[in-house]
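Chemist: let me see the structure of the following:
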Amino acid sequence: MQLKKLADWLYVLPTLLIITLIFILPLGYTFWVSLQEKALGGAAKFIGLTNYYNILSSQILYVVLTNTLIYSFSAVFFKALIGLGVALLLNQKFPGRGLLRAYSIIPWAAPAYAVAFFFILLYDLKGFFNRILSFFGLPALRYLGPELAMSSVIFVNVWRGWPFFFLGFLSGLQAIPQEIYESAEIDGATRFKKFVYITIPNLKTVFLTVCLLSLMWTMGDFTTIFLLTRGGPLNKTLTAPIAAYLKAFASGANIPEAAALLVLILPIYMVLIYLVIKYAYGRA
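Modeler: Numbering: from 1, shown residues only. Have a look, this model is predicted:
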C-alpha cells in the first residue's frame, strides 16, 4: 500500500513541480515585491502594506475593477451570442458551408496588433465608419473619445474573439446525436422546443468551458486596449493589465505598487471564476 501511494505521488510530482515553477513561485515573488519600496535601478526597502494602502486610498482599484468587469463581461456576452448564432447557422447543410466555416476563423487568427491598427483606421474622424455617417448626413463620432471609448474597444474584442465561441459551439453541436432530434420530431417537437430541451442542455459543458476561458483571457487582454486607447481617455478604458503596466513602466514607475495592484485584483478574479463554475454546474 505504501509503495502504491509513493507511485501515485511520483505520477503527479512533475505536474506539481510545473505548477510550482510557473505559478506559485512567481505569485509569491510578486507578493514579496509588493511589500517593497524600490525605484528602477535602486535598492529595495521593506515597507509592509504601504503600497496596498496607497492603492486603496487613491480609488484607482475601484476604477480598474469597474472597467475590467464591464469590458470582460460585455465582450464575453456578445461573443457568446454571436458565436452561438453562427454555429447554429453553419451547422446546417447547404452549399459553401465549409468555405464559410474557414472564413469565419479569420478574425480570431489575425494578430491582435494588426486588428487594433486596422480599427484605428476605421475609427479615425475621416475613417470608414465616419464616412458612412457622413454619407447619411450624420455628424462624425469620436469613437475613441471619452463617451465611446469603452464601447469601441469592446467591439474590437468581440469582432476578434467570437470565432473561438463559434468553434466551441460548433464542435458541441456536432457531438449531439442526430437520433435525439429525429425522435423529438416524431413526437411533434417544434424547432424552438428542440433548441431549448435538446441543444442547450447538451451544450452546457461546452458553454461553460468557452465562456470561462474567454472570461479569463478577456480580463487579461492587454494588446487591444493598449494600442487603441492606452487606458484612456480619462481612464475610461483603464483595465487591470493596462493599469499594472502603466504603474510599473510609465512615468513615475513604481513596480511594487503595480505588484500590489495585481495581488489585490487576483482574489477577485478567483471569486468570479468560482461563481461561474458554481452557477453553471449548480453546485457549491
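Chemist: and the strand or helix carrying Tyr274, what does it pack against?
Modeler: Per DSSP states H and E: Tyr274 is located in helix 255-281. When contacts are defined as 3 or more C-beta pairs under 8 Å, 6 or more residues apart in numbering; DSSP states H and E, helix 255-281 packs onto helix 25-34, helix 50-58, helix 60-90, helix 204-219, helix 240-249. Quick note: C-beta positions are derived from backbone N, CA and C, even for glycine.
Chemist: now render those helices as JSON lines, adding mean neighbour count and distance to Ala110.
Modeler: Formatted as JSON lines, these follow (neighbours: other C-beta atoms under 10 Å; distance: least, C-beta to C-beta, whole Å):
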{"stretch": "helix 25-34", "mean neighbour count": "14", "distance to Ala110": "30"}
{"stretch": "helix 50-58", "mean neighbour count": "16", "distance to Ala110": "35"}
{"stretch": "helix 60-90", "mean neighbour count": "19", "distance to Ala110": "15"}
{"stretch": "helix 204-219", "mean neighbour count": "17", "distance to Ala110": "15"}
{"stretch": "helix 240-249", "mean neighbour count": "20", "distance to Ala110": "20"}
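Chemist: so for Ile225, what's the pLDDT?
Modeler: If you check Ile225, the pLDDT there is 94.
Chemist: check Asn67 too.
Modeler: At Asn67, pLDDT is 94.
Chemist: on that earlier part again, in the helix holding Tyr274, what's buried?
Modeler: Residues of helix 255-281 classed as buried: 255-265, 269, 272, 276 (neighbour count, 16 or more other C-beta atoms under 10 Å).
Chemist: avg pLDDT for it?
Modeler: On average, the pLDDT along helix 255-281 is 77.
Chemist: chain center to the host helix or strand of Phe192, what's the gap?
Modeler: Assigned by DSSP H and E, Phe192 belongs to helix 191-194. Chain-centre distance of helix 191-194: 31 Å, with C-alpha atoms, centre = their mean, to the nearest Å.
Chemist: buried ones in it, by neighbour count?
Modeler: Here helix 191-194 shows no buried residue, counting by 16+ other C-beta under 10 Å.
Chemist: that helix - contacts with which helices or strands?
Modeler: Under the contact definition 3+ C-beta pairs under 8 Å, 6+ apart, helix 191-194 sits against helix 178-186.
Chemist: number of nearby residues for Lys5?
Modeler: By other C-beta atoms under 10 Å, 9 other residues sit near Lys5.
Chemist: what's the helix or strand for it?
Modeler: Using DSSP H and E, Lys5 falls in helix 2-19.
Chemist: what sits against Phe76?
Modeler: To be clear, residue 76 is Val; Phe isn't right here. Taking C-beta atoms under 8 Å, 6 or more residues apart in numbering, we find Val76 in contact with Cys211, Ser214, Leu215, Thr218.
Chemist: low-scoring stretches of the stretch 1-150 of the chain, by residue?
Modeler: Flagging of the stretch 1-150 of the chain using pLDDT under 70 yields the residue ranges 1-4, 39-42.
Chemist: swap the cut-off to 90 and go again
Modeler: Along the stretch 1-150 of the chain, the parts satisfying pLDDT under 90 run over 1-62, 65, 91-98, 100-103, 108-109, 112-113, 125-127.
Chemist: picking up where we left off before, distance to Leu122 added to the helices and strands packed on helix 255-281, as a markdown table?
Modeler: Conversion of the helices and strands packed on helix 255-281 to a markdown table gives the following (distance: least, C-beta to C-beta, whole Å):
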| stretch | distance to Leu122 |
| --- | --- |
| helix 25-34 | 37 |
| helix 50-58 | 35 |
| helix 60-90 | 18 |
| helix 204-219 | 21 |
| helix 240-249 | 21 |
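Chemist: for Arg97, find the nearest of the ones you listed.
Modeler: Of all those, helix 60-90 sits nearest to Arg97, with 5.9 Å by C-beta to C-beta.
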